[in-house]
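>>> fold the following for me, if possible:
(4 chains)
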Protein chains: 2
Amino acid sequence: MSVRDQPVKEHRRTRQRAAVDEVLDDTTDFISAQDLHAALRARGAGVGLATVYRTLQTLADDGKVDVLRSDGGEAVYRRCVREEHHHHLVCRSCGATVEIAGPTVERWASSVAEKHGFVDVSHTLEIFGTCPRCAQA
Amino acid sequence: MSVRDQPVKEHRRTRQRAAVDEVLDDTTDFISAQDLHAALRARGAGVGLATVYRTLQTLADDGKVDVLRSDGGEAVYRRCVREEHHHHLVCRSCGATVEIAGPTVERWASSVAEKHGFVDVSHTLEIFGTCPRCAQA
DNA sequence: ATCAAGAGTGACAACCATTGTCAAAACACC
DNA sequence: GGTGTTTTGACAATGGTTGTCACTCTTGAT
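Sure, this is the predicted structure:
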């Protein structure tokens, strides 16, 4: 679908990357680079802020994490469960996330694009709302 | 669908807002606040940068312009033709934009959200690709 | 037309997420 | 262990966006 299907360059294993990985594993919701940095510091495994950004960027490039922009324009990251293309249903209040697959939407998107002569098509689709737990307030 | 269906508070007519409006009318593609500010300055109608931001924010709140985030996280704005909810097909290369309506997707999104107990649901959906004109390169 | 009240403006400072820099430290492999 | 390259981290720099606040302009009433 997209053009980024290169073999994914190999990276070195370092304490810092392992630490980032660990936090990512323990976090089911989207987290910002800043928050991730704070989380690392909190659990004693301090990692430089710049390194956190670089690591997340690398992971994103390799398709290992999902990235999306919060309302404030901040980039937020999350380890994806499915490797394939999918979307998210995100709670505006607590950040809880459900991964969604929508084959119909995929087809619709490409057909619409095709109809207008667009090629090399990709798309973004996120659904926001208030989750059941946050709703009882 | 969303909660922002208030009667849209009235605003005063000022030279600055008229100028912003004019540029927006002359621009068919998405434009950033910074670029809009430059465009205003270029056509002699200088407007403060802060004012540009405030004006765009106001227009966005009133649903008079569409807002979306560029890849770099910059907010870009565009006068919408349709007042109702809709999506965009955007050329990655030249920025050309086609407005899209997708009733099916709308229904699908709300049903998915509902199925998971989410309420007060909204969503974002943008399709990116290379337009016919840019494709012949 | 005049006026008072409050919305709107602008120059600039402040914010804050993100990126650049570069010497020092860590990894992989011989 | 030695060596060449990658990675790191502290800090500076960048750049979009928002906050501040005195001043100006629009508006509706008089």
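
>>> residues of chain A that sit close to DNA strand C?
Contacts of chain A with DNA strand C, taken as C-beta under 7 Å from any atom of the strand, map to A:12-15, A:32-34, A:49-50, A:53, A:57, A:74-75. Backbone N, C-alpha and C define where each C-beta goes, glycine included.

>>> pull out the buried positions in the lengthiest strand in chain A.
Ranked by residue count and defined by DSSP state E, the top strand of chain A is strand A:119-130. For strand A:119-130, the neighbour count (16 or more other C-beta atoms under 10 Å in any protein chain shown) marks A:121-123, A:125-130 as buried.

>>> nearest to chain B among the residues of chain A next to DNA strand C?
Nearest to chain B among those: residue A:75, at 6.6 Å, using C-beta to the nearest C-beta.

>>> ok, the closest one touching residue A:69?
Yes: shown here, residue A:75 and residue A:69 form a contact pair, counting by C-beta atoms under 8 Å, at 6.0 Å.

>>> what touches both of the two?
Here residue A:75 and residue A:69 share the contacting residues residue B:73, scored by C-beta atoms under 8 Å, 6 or more residues apart in numbering or on different chains.

>>> by how many degrees do the longest strand of chain A and strand B:119-130 diverge?
When axes from the mean of the first three to the mean of the last three C-alpha atoms, to 10 degrees is applied, the directions of strand A:119-130 and strand B:119-130 differ by 170 degrees.

>>> tell me the mean pLDDT for strand A:119-130?
Per-residue pLDDT over strand A:119-130 has a mean of 89.

>>> coming back round to it: out of the residues of chain A next to DNA strand C, which end up buried?
Buried among the residues of chain A next to DNA strand C by 16+ other C-beta under 10 Å: A:32-33, A:75.

>>> stretch A:67-81: which residues count as buried?
Of the residues in stretch A:67-81, A:68-69, A:75-80 count as buried by neighbour count, 16+ other C-beta under 10 Å.

>>> show only the entries of those found in helices.
Taking DSSP state H, every one of the buried residues of stretch A:67-81 sits outside helices.

>>> and those, which is closest to residue A:113?
Among the buried residues of stretch A:67-81, residue A:68 lies closest to residue A:113 (C-beta to C-beta), at 20.6 Å.

>>> got a list of what that closest one touches?
Residues in contact with residue A:68, defined by C-beta under 8 Å, 6+ apart, are A:30, A:75-76, A:88, A:124, A:126.

>>> who's it bridged to?
Here residue A:68 sits in beta bridges with residue A:76, as judged by DSSP bridges.

>>> tell me who's in contact with the residue nearest to residue A:53 when sequence neighbours are not counted.
Distance criterion C-beta to C-beta, 6 or more residues apart in numbering or on different chains; nearest residue to residue A:53, sequence neighbours excluded, is residue A:33 at 5.3 Å. Residues near residue A:33 by C-beta under 8 Å, 6+ apart: A:49, A:52-53, A:56, A:75, A:77.

>>> one more pass at 6 Å, please.
A:52-53, A:56 (C-beta atoms under 6 Å, 6 or more residues apart in numbering or on different chains).

>>> make CSV from the residues you listed and add secondary structure and distance to residue B:137 to it.
Shown next, in CSV, are the contacts of residue A:33 (DSSP: H, G, I helix; E, B strand; the rest coil; distance: C-beta to C-beta, whole Å):
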residue, secondary structure, distance to residue B:137
A:52, helix, 38
A:53, helix, 33
A:56, helix, 33
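
>>> just the closest of these to residue B:21, please.
Using C-beta to C-beta, residue A:53 comes nearest to residue B:21 of those, at 38.4 Å.

>>> now that closest one: how far from DNA strand D?
Distance, residue A:53 to DNA strand D, using C-beta to the nearest atom of the strand, to the nearest Å: 9 Å.

>>> let me know the pLDDT of that residue.
pLDDT, residue A:53: 98.

>>> what's the neighbour count on residue A:132?
When neighbours are defined as other C-beta atoms under 10 Å in any protein chain shown, residue A:132 has 13 of them.
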